[in-house]
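>>> Structure, please.
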Amino acid sequence: LIATENTYGYQCDARQVWHLQLLPSEGNGSRLYTVTYQRFDELQVRTLAGLPLTQPRQHSPAIMLNLLGDIWPGVSQGGQATGTPPWDAVLALPGTFLHLYGKATASKGRKMGHLTVTGATVAHVRATALQAASLLGIAAF
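Numbering: from 1, shown residues only. So this is what the prediction gives:
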């Protein structure tokens, strides 16, 4: 297996190298890598190359909150976004990782990204995730 930043090649025999161009998938890759010791693109290459898959191993408890356009100020009232959610307050919470997908406009129901919360125990992660949800105007779970 030959790897560079976004291109992977698999040498089939001495005369031929197949190249796969993989574009990073912000949603899938970041969720998997944040809570395990695996990269999504590595699993994709292993699958395409017929190599054995490695077993995922979670490094800590985690909760993921989907971030819909509804949490942007102004959108929930049916209008356009008039600002951004309080990312500074959310990211001040321990174990929070913000993944925004780079979409230009927020609208009701549109998935704009996700927030992953990790920590030492399930109870700690849940408490932190509930704090983040409260700051963002997301209903408690």
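>>> ranges for the strands of this protein?
Remark: strands assigned in the chain by DSSP state E are 2-3, 7-13, 16-21, 62-68, 96-100, 111-118.
>>> low-scoring stretches of the chain, by residue?
1-38 (pLDDT under 70).
>>> Helices of that one, residue ranges please.
With DSSP state H as the criterion, the chain has helices at 26-35, 40-49, 87-91, 122-136.
>>> And the last one, what does it pack against?
Spelled out, that is helix 122-136. Judged by 3 or more CB pairs under 8 Å, 6 or more residues apart in numbering; DSSP states H and E, the packing partners of helix 122-136 are strand 62-68, helix 87-91, strand 111-118. Placement of C-beta: from N, CA and C, glycine included.
>>> what are the pairing partners of the first one, and which direction each?
Sheet partners assigned to strand 62-68 using DSSP bridges are listed as strand 111-118 (antiparallel).
>>> between the strand it pairs with and strand 96-100, how big is the angle?
Angular relation of strand 111-118 and strand 96-100 on a 0 to 180 degree scale: 160 degrees, by axes from the mean of the first three to the mean of the last three CA atoms, to 10 degrees.
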